[in-house]
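Asks: sequence and predicted model, in that order:
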Amino acid sequence: MKLDVATFIVVDCETTGLDPETDALVEVAAVAIDLFDPLPRAMFSRLVATEKAIPAEVSAVHGLTNAMLATAPDWPTARRSLRHFIALHENPILVAHNAAFDRQFLLLGAHWRWLCTKRVAMHIWPDAPNFKNQTLRYWRDLNVETFGLPPHRALGDALVTAALLRDQLASPEFSGEVGRHRWDVDEIIAWVDSPISLATWPFGKFFGQPIAAADTGYIEWALSPRGPADRIASDPDLKFTLERQLQLCSVKGAS
């Protein structure tokens, strides 16, 4: 399927925390857009009731409290409504910023394809200040109508991500990459999901410094069972980057 016949369903969710095993959804939203109409085709938003207490520090982020969810539907009911909203649109492609996070909470099934705008940004704009959708919103000077919703409300963030997706699809950096993929959805998603070479260390004594700042011994330690094995295993991009840097060091050492 070509990108120009797809309908992008941009989703976002707010939760009680970051762990899908122990935390719960409290809000979900979706915005349907296509490549040719600057306005959303349709919007969907639901608060979601949960018996789990929302920690005060989490309410401080998105502004939601358990009292606000008292009359909201439970997650199975809200999920059925969300699935119905998605199914109303032809050739839906699900989109999220940090899609891996949203997919773990939404559990919508494997039959819909996903595109991650955070990973697109990491591929095409490696010099961005960071890859949060609100940072990219202002870094790219996007004009987004969020209907007065603040950051970290699901519909407001979905509208920002929708604007970011449009900006990405129109950017010369993206066009240069997808030109070789002929705008085929499956090939583009495979490219978006492919490993990304990180520029700086995300942990340890070299935190914030270029990957090349570390010596071979430190990289070998980081990749070994003696290093932060859980961190490396959970971050394929970091593992790819360190293994690639180790290979480069080996080539330099042999020359």
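Replies: Here it is on my side, so go on.
Asks: alpha carbons only for contacts and neighbour counts from here, please
Replies: Noted.
Asks: from the chain's centre, how far out does stretch 71-82 sit?
Replies: Averaged C-alpha coordinates place stretch 71-82 at 23 Å from its chain's average position (C-alpha atoms, centre = their mean, to the nearest Å).
Asks: again, but for stretch 165-177
Replies: In this view, stretch 165-177 has its centroid 17 Å away from the chain centroid, taken as C-alpha atoms, centre = their mean.
Asks: in it, what counts as buried?
Replies: The neighbour-count criterion (16 or more other C-alpha atoms under 10 Å) identifies 165-168, 174-175 as the buried residues of stretch 165-177.
Asks: just the C-alphas of it, formatted as CSV.
Replies: Coordinates of each C-alpha in stretch 165-177 appear next as CSV, following Å, rounded to 0.1, in the frame of the first residue of the first chain:
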residue,chain,number,x,y,z
LEU,A,165,3.7,13.7,11.2
ARG,A,166,2.5,16.1,8.5
ASP,A,167,5.7,18.1,8.9
GLN,A,168,7.8,14.9,8.7
LEU,A,169,6.1,13.7,5.6
ALA,A,170,6.6,17.0,3.9
SER,A,171,10.3,17.5,5.0
PRO,A,172,13.1,17.1,2.4
GLU,A,173,14.9,14.8,4.9
PHE,A,174,12.0,12.3,4.9
SER,A,175,11.5,12.6,1.2
GLY,A,176,15.1,11.8,0.6
GLU,A,177,14.8,8.6,2.7
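Asks: quick one: mean pLDDT over that stretch.
Replies: Model confidence over stretch 165-177, given as mean pLDDT, is 86.
Asks: stretch 138-151 spans what distance, first to last residue?
Replies: Here the two ends of stretch 138-151 are set 12 Å apart, with distance taken as C-alpha to C-alpha, to the nearest Å.
Asks: now do it: everything it contacts.
Replies: Identification of contacts with stretch 138-151 by C-alpha atoms under 8 Å, 6 or more residues apart in numbering yields 62, 128-129, 134, 155-157, 159-160, 163-164.
Asks: what subset of these is buried?
Replies: Neighbour-count burial (16+ other C-alpha under 10 Å) is assigned, among the contacts of stretch 138-151, to 62, 134, 155-157, 159-160, 163-164.
Asks: tell me the one of the residues you listed nearest Ser81?
Replies: Of all those, the one with the least separation from Ser81 (C-alpha to C-alpha) is Leu155, at 15.3 Å.
Asks: which residues does the closest residue to that closest one other than its chain neighbours form a beta bridge with?
Replies: In this structure, Leu155 finds its nearest non-sequential neighbour in Ala29, 5.0 Å apart by C-alpha to C-alpha, 6 or more residues apart in numbering. For Ala29, the residues forming beta bridges with it (DSSP bridges) are Asp12, Ser45.
Asks: from Glu57, how far off is Ala29?
Replies: Taking C-alpha to C-alpha as the measure, Ala29 falls 22 Å from Glu57.
Asks: that older thread, filter the buried ones among the contacts of stretch 138-151 down to the ones in helices?
Replies: 62, 134, 155-157, 159-160, 163-164 (DSSP state H).
Asks: I appreciate the help and will end here.
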